[in-house]
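*Asks:* Would you be able to build a 3D model of this:
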Amino acid sequence: MSSTVGTGHDERRAARIQRWLVGRADTAAGRLASRWFRAYFASSRNSACATTIYAALSVLPMALAGVAWLHHSAADSNAFAERIVAHLRLHGASASLVHTTFGSASQNAAAATVAAVVGFLLWGIGIGQLYRDLYARAWGLEIKTTAADQVRFTVFFFVFTGAVGGLVLGASALRGAGWVVVLSVWFAGSVVFWLWVPSYLLRRAVPMRDLLPGALLSVLVVGGTIAFAPLYLAPALNENGSAFGSFGVSLTVLGYLFVVVTMSMVCAVFAPVWRDWRHEQSSSPRPS
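*Replies:* Reported below is the predicted structural model:
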């Protein structure tokens with residue numbers, strides 16, 4: 001008897017939850033979220049997975065090569081590694097791996113450069129095309145790839161890598177200037193970057209005004225994911241580093257990179273969805 005009563009109570013609660021979800025989905029915000037959700041899966045086509053792998057095999061080696069030449073001495077590389085360890089609050093095997101990685105890269109600058117060039121030629125150029133195709137599908141554009149686009153993808157790769165390196169290298173310097181300066185520089189630079197990316201890759205086929213909502217969302221979501229990394233990434237790195245050594249750290253970094261890339265692509269498809277939703281809202285009859 002009690003089992004029957006409990007089952008009936010669960011069914012009524014499930015029905016109430018279902019009605020609540022249906023009610024939320026039938027609101028303007030619910031329709032926007034549903035359209036955004038569908039637009040991402042229609043446009044992404046597993047682009048986040050491919051981009052993560054390409055970035056791990058090209059952007060990271062290029063960043064290490066840059067560190068190798070900018071911090072060629074052992075003291076400079078150790079100082080750079082210390083900034084990363086302090087920022088992410090690493091210890092144990094994770095901290096040792098960071099010191100070893102950047103120290104080895106600085107001592108073998110030529111080998112690091114060769115690895116970076118190979119990674120760029122095999123996978124780096126493809127990152128720009130993956131993002132371009134994602135933006136094109138989201139905006140409903142048909143853009144044929146030409147020989148000139150290979151130059152465009154090359155420029156994108158180096159700007160993208162430079163932005164990643166600049167974020168890491170400039171973080172500690174800006175932090176010393178105060179949070180107001182940090183937030184101002186970060187916000188302005190991020191908005192410019194996320195406006196430039198789709199405009200450049202789509203050959204300015206979309207007005208900047210229409211791209212702005214996606215850029216602002218990218219600043220908040222991607223920037224927040226990166227800014228709060230010490231809170232959730234550091235424990236995972238330290239725990240996996242202690243349990244599995246360099247293999248655990250590598251998988252954790254790869255997972256974090258996948259999250260950041262996915263967030264950037266989710267934000268990338270928001271602007272066209274927002275434009276269409278706003279047009280729908282403005283053209284729909286208002287209740288009297």
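
*Asks:* Below-threshold pLDDT in this structure: ranges please.
*Replies:* Applying pLDDT under 70 to the chain picks out residues 1-26, 71-75, 77, 80, 167-178, 284-288.

*Asks:* What segments of it are helices?
*Replies:* Taking DSSP state H, the helices of the chain run over residues 2-25, 28-44, 47-70, 74-88, 92-107, 109-119, 125-139, 147-177, 179-201, 208-227, 229-244, 246-268, 270-283.

*Asks:* got TSV for those, with mean neighbour count too?
*Replies:* Where you see a C-beta, it was placed from the backbone N, CA and C, and this is true even at glycine. Putting those into TSV (neighbours: other CB atoms under 10 Å) gives the following:
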stretch	mean neighbour count
helix 2-25	10
helix 28-44	15
helix 47-70	20
helix 74-88	16
helix 92-107	19
helix 109-119	17
helix 125-139	21
helix 147-177	15
helix 179-201	16
helix 208-227	18
helix 229-244	16
helix 246-268	19
helix 270-283	16
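
*Asks:* Tell me how far the closest residue to Cys49 other than its chain neighbours lies from Thr225.
*Replies:* Residue nearest to Cys49 in three dimensions, not counting chain neighbours: Phe258, with 7.3 Å by CB to CB, 6 or more residues apart in numbering. Note on Phe258: its distance to Thr225, by CB to CB, to the nearest Å, is 11 Å.

*Asks:* and what of Arg275?
*Replies:* For Arg275, the distance to Thr225 - CB to CB - is 24 Å.

*Asks:* about what we covered before: and the residue nearest to Cys49, how close does it get to Thr252?
*Replies:* Relative to Thr252, and taking CB to CB, Phe258 is found at 11 Å.

*Asks:* ditto for Val273
*Replies:* Val273 is 32 Å from Thr252, by CB to CB.

*Asks:* Now do stretch 219-235: distance to the chain's middle.
*Replies:* In this view, stretch 219-235 has its centroid 10 Å away from the chain centroid, taken as CA atoms, centre = their mean, to the nearest Å.

*Asks:* One more: stretch 141-159?
*Replies:* 20 Å.

*Asks:* Give me the contact list for that stretch.
*Replies:* Here stretch 141-159 makes contact (CB atoms under 8 Å, 6 or more residues apart in numbering) with 58-59, 120, 124-129, 131-132, 135-136, 196-197, 200-203, 205-206.
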